[in-house]
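Enquirer: next come a sequence and a model predicted from it.
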Amino acid sequence: MSAAVLPTAYRALAAGCAWRATSSDPASAAVLLSTAVAAAADLGPGAAAQLATAKRAQSSGATAVGADAADAWRSVVRLKLLGQLAGLAASALCGAALAGAASVVAADAAFWALGGGAKRLESDGSGDGVRAAPIPSPLARALLSVNLVLLASTLAAAAARRGAMVRTAGAAVYCAGMLAQTIGDEKTRRRKALAAAQADVASPA
């Protein structure tokens, strides 16, 4: 899939999740709406950026970071995207709110567990190349731990009967975690955009 169309695909699935929420029980509706917000505002843009760097690294960027590094980054990104899209499709098309949410979170957890933080690449600012931009190991481990907590909560909620306290609590943990992640990632993107704009202004013509 092209990185350019990924945000549109995520937004379409987000709309499907929101529509499913209108005919779901309260816990499932909250999960579906949280998934929809995250997919449209965070997961879609993040997936597009990561896939773009993965494809760029396979072409002109590979000489800068090495073919092995490019292949490793592409592998973890593709796995993450497939898991997210599968979960969003299950939520939007089948109304499987908690199962879909579990797939989305499991994809993120797998990304961190497989070394996505250490393998991370990003644009080098030239428009064509990439550079290694590993996330510090303590932060990567913390993000993995958060995703594992969200995954355990979502799976527990999915296994519980409708109306059970475990289902409600698990759904609440998922919703809070996803919305916090969405807000945090958006703040990070804005800071990076502001820093890039300031660097452009400060650089000599």
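Expert: Yep, that arrived. Numbering: from 1, shown residues only.
Enquirer: confirm S23 sits in a strand?
Expert: No. Judged by DSSP: H, G, I helix; E, B strand; the rest coil, S23 forms no part of a strand; its state is coil.
Enquirer: let me know how buried it is, in neighbour terms.
Expert: 10 (other C-beta atoms under 10 Å). The C-beta positions use only the backbone N, C-alpha and C, and glycine is treated the same way.
Enquirer: tell me who's in contact with it.
Expert: G95 (C-beta atoms under 8 Å, 6 or more residues apart in numbering).
Enquirer: can you check A96 too?
Expert: Contacts of A96 (C-beta under 8 Å, 6+ apart): A90.
Enquirer: tell me how far it lies from V149.
Expert: A96 sits 21 Å away from V149, taking C-beta to C-beta, to the nearest Å as the criterion.
Enquirer: ok, M178 next?
Expert: Distance from M178 to V149, by C-beta to C-beta: 12 Å.
Enquirer: the two: who's more crowded?
Expert: With neighbours defined as other C-beta under 10 Å, M178 and V149 compare such that M178 has more, 26 against 15.
Enquirer: and after the least confident helix or strand in the chain by mean pLDDT, which helix or strand comes next?
Expert: One helix or strand of the chain scores below all others by mean pLDDT, DSSP states H and E: helix 62-65, with a mean of 65. The first helix or strand that comes after helix 62-65 along the chain, using DSSP states H and E, is helix 67-94.
Enquirer: what is that following helix packed up against?
Expert: helix 6-21, helix 26-38, helix 44-58, helix 97-113, strand 121-123 (3 or more C-beta pairs under 8 Å, 6 or more residues apart in numbering; DSSP states H and E).
Enquirer: and with 7 Å instead?
Expert: Counting contacts by 3 or more C-beta pairs under 7 Å, 6 or more residues apart in numbering; DSSP states H and E, helix 67-94 packs against helix 6-21, helix 44-58, helix 97-113.
Enquirer: hey, least reliable of those helices by pLDDT?
Expert: The stretch with the lowest mean pLDDT among the helices and strands packed on helix 67-94 is helix 44-58, at a mean of 90.
Enquirer: please identify the buried residues of that helix?
Expert: 44-57 (16 or more other C-beta atoms under 10 Å).
Enquirer: and those residues as JSON lines, adding distance to W73?
Expert: JSON lines is the format used below for these (distance: C-beta to C-beta, whole Å):
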{"residue": "G44", "distance to W73": "19"}
{"residue": "P45", "distance to W73": "18"}
{"residue": "G46", "distance to W73": "14"}
{"residue": "A47", "distance to W73": "13"}
{"residue": "A48", "distance to W73": "15"}
{"residue": "A49", "distance to W73": "12"}
{"residue": "Q50", "distance to W73": "8"}
{"residue": "L51", "distance to W73": "10"}
{"residue": "A52", "distance to W73": "11"}
{"residue": "T53", "distance to W73": "7"}
{"residue": "A54", "distance to W73": "5"}
{"residue": "K55", "distance to W73": "10"}
{"residue": "R56", "distance to W73": "10"}
{"residue": "A57", "distance to W73": "6"}
